[in-house]
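Enquirer: Here is the input, now give the coordinates:
(one chain, ligands or ions: 1)
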Amino acid sequence: MLEFSKQFGDMISVKMGSQLIVCINDIKTLKKIFSSSEFTARPKSALDCIVQGYGIITADGELWKNQRKFLHKHKFGLKNGGTVSENMESRVSYEVLDCLNALAEDTNTETDKHGIDLSPYLSCSISNVICSIIMSTRFKHNTQRFAKFINFFDEGFRLFTLTGPMIFLPWLRHVPNIRSTIDKLRANREELLDFVGEIVEDHADSLADRKGEEDNGPRDLVDQYLLEIKQRREDGTLEETFGDKDPETQMKQILVDLFSAGFETIKTTLLWTFIHMLRNPDVKSKVVSELESVVGPGRLPTMEDMEKMNYTRATIYESMRRSSAVPMGTTHSNTRPVKVDGQIIPANSHVIPNLYAIHMDHQIWPQPEQFKPERFLNPDTGKVFKPKHFLPFGTGQRMCLGDSLAEMELQLFFASIMHVFDIDQADADPHNLPSLEGHFGATLTPSDFKVKLTPRNLEALVAENLKAKPANYLHMRTYG
Ligand code: HEM
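Expert: Below is the predicted model of the structure:
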């Protein structure tokens, strides 16, 4: 699409089967159209029969507006006991420590020889951040229970990819193989909703018992939704928040959507950032020096430290630019024809924001293939800043809802792993560096790779392990 845009202009359309795809490759048009309410719909496809417009990612119209407002207002359920950012940081830091402990435990002579794959460690810990925030649930590392939970999503994504052509050729749904894939996807979603349903039932039972407790505010997003449903039912105003949707199913789909949106994106971005460290040892050394001077030994980085770590943050931003984790954002649609720069975009088009093209535009980012954190540093003050062409979270009315959480997770996970371990290429051959080519699905994921981890600052880990658990962990349910 980037190559086509050089030939045909910033807005290109392609007819694929029965659908018109409109790809936007420049920031000016993208910001203009995505800030208007005309393009806040999602495209309709033959797969809509599965999710039926529930949740937030595929919802549109009034339901989408109300759910977005609700999630924004209640900050994913993080408002109780302390400020939202304190609560968020305590959840993320807890999982960072858990991840470091698991890595430290498994770093031994065997992993020294063959290297270690960071992916499963990050998977469990990042999953725990979002699950603990929204539904007070977490999983232990390396357990069957977690493997089963994550398999629902992996399988869902794999099956979804198989049905891809059906979006453009709807008649394919009658082909037996595709039909059985759709049936599997439907069954997979039912199982996932049942799993989440058990957690919701637990919350509903214990919510009633907590009435007399001193701290009986909502523990998380599930409590917040349960209270909203109860209140609206009593007032007879359920449709103001939930329209014609079943409120319990909507709550469960929201939980699944938030997990889908907030898991793979963070994991993928972190993996790319570590790949860039392996490929750019000079950048890695500067990050380590900054950590040593700002944080020092004996403790882990906090968000207060991150304020002072301009180079480390610039490194994360450069990684997000160079390896756009969501290269083509999420497809939008329009419910009526709209004229843009003299051209009509017909109703029900699939409108794709080409974030990758914006991040790799050589007129804005000289030598865009090169990894240069300095792009995000003010040359006069040395302070980190975000240029207006940096759009990893999209733009406009449907921009990512989890950008603050995402930035906090990326900073604390990356900085802490870099602070405790030296990270090097597992394979001694300098020509075998992990590739920058990704696999394109909903996210752009790197190929599997291993790293050599050498503990450098385990005393930070020991000191943090001695600290008390955050109070909000009293309600947490950990699956073994
Ligand atoms: C590095 C991490 C992340 C990246 C790069 C990212 C990027 C994006 C992008 C590009 C979109 C599409 C915007 C559009 O439709 O125009 C999006 C949507 C969304 N993101 Fe994120 N995201 C990240 C993490 C998160 C996290 C941690 C959450 C929180 C749970 C989250 C929740 C959402 C939701 C709910 C939407 C759908 C919004 C809507 O349809 O109205 N994301 N994200």
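Enquirer: which residue does the stretch 351-480 of the chain bring closest to the ligand?
Expert: When distances are taken as C-beta to the nearest ligand atom, the stretch 351-480 of the chain approaches the ligand most closely through Gly402, which lies 2.1 Å from it. C-betas here are computed from N, CA, C, even on glycine.
Enquirer: Is that residue in contact with Ser260, as I believe?
Expert: No - in this structure, Gly402 sits apart from Ser260 without contact. The criterion is C-beta atoms under 8 Å, and the distance is 11.1 Å.
Enquirer: Ignoring the adjacent residues along the chain, who's closest to the residue of the stretch 351-480 of the chain closest to the ligand?
Expert: What sits nearest to Gly402 in space, not counting adjacent residues and going by C-beta to C-beta, 6 or more residues apart in numbering, is Gly262, at 5.0 Å.
Enquirer: residues from the protein in reach of the ligand?
Expert: The interface of the chain toward the ligand, taken as C-beta under 6 Å from any ligand atom, is made up of 56-57, 68, 130, 257-258, 261-262, 265-266, 269, 325-326, 329-330, 353, 392-394, 398-402, 405-406.
Enquirer: follow-up on the earlier one: and the residue of the stretch 351-480 of the chain closest to the ligand, what does it touch?
Expert: If a contact means C-beta atoms under 8 Å, 6 or more residues apart in numbering, then Gly402 has 76, 258, 261-262 as its contacts.
Enquirer: where's the residue nearest the centre of the chain, which helix or strand?
Expert: Among the residues of the chain, Gly262 comes closest to the average C-alpha position under C-alpha atoms, centre = their mean, at 3.0 Å. Element membership of Gly262, judged by DSSP states H and E, is helix 247-279.
Enquirer: May I see the buried residues of whichever helix or strand comes after that helix?
Expert: From helix 247-279 onward toward the C-terminus, using DSSP H and E, the following helix or strand is helix 281-294. If you call a residue buried by 16 or more other C-beta atoms under 10 Å, then helix 281-294 has these buried ones: 283-284, 286-288, 290-291, 294.
Enquirer: cool, and stretch 122-130?
Expert: 122-130.
Enquirer: With stretch 304-322 instead?
Expert: Residues of stretch 304-322 classed as buried under the neighbour-count rule (16+ other C-beta under 10 Å) are 305-306, 309-322.
Enquirer: what's it in contact with?
Expert: Contacts for stretch 304-322 (C-beta under 8 Å, 6+ apart): 269, 272-273, 276, 283, 286-287, 290-291, 294-295, 301, 359, 365, 368-369, 371-377, 382-384, 386, 390, 392, 410-412, 414-415, 418, 436.
Enquirer: Check the offset of it from the chain's centre.
Expert: Taking C-alpha atoms, centre = their mean, to the nearest Å, one finds the center of stretch 304-322 at 17 Å from the center of the full chain.
Enquirer: List the residues that contact the residue in the stretch 201-350 of the chain positioned nearest to the ligand.
Expert: The nearest approach of the stretch 201-350 of the chain to the ligand comes at Gly262, 2.9 Å away (C-beta to the nearest ligand atom). Listed by C-beta under 8 Å, 6+ apart, the contact set of Gly262 reads 126, 129-130, 402, 405-406.
Enquirer: Quick check: phi and psi at the nearest residue to Lys44 once chain neighbours are set aside.
Expert: Leaving aside its chain neighbours, Lys44 sits nearest to Asn348 (6.6 Å; criterion: C-beta to C-beta, 6+ apart). Per-residue torsions, Asn348: phi 60, psi 30 (degrees, to the nearest 10).
Enquirer: swap in Pro392?
Expert: Backbone torsions for Pro392, taken as degrees, to the nearest 10, come to phi -60, psi -20.
Enquirer: what's the answer for Lys15, then?
Expert: The phi/psi pair for Lys15 (degrees, to the nearest 10) is phi -90, psi 120.
Enquirer: For it, give me its contacts.
Expert: Taking C-beta under 8 Å, 6+ apart as the definition, contacts of Lys15 comprise Ile21.
Enquirer: Could you report the pLDDT at it?
Expert: Lys15 is assigned a predicted lDDT (pLDDT) of 92.
Enquirer: repeat for Glu213
Expert: At Glu213, the pLDDT value in this model is 65.
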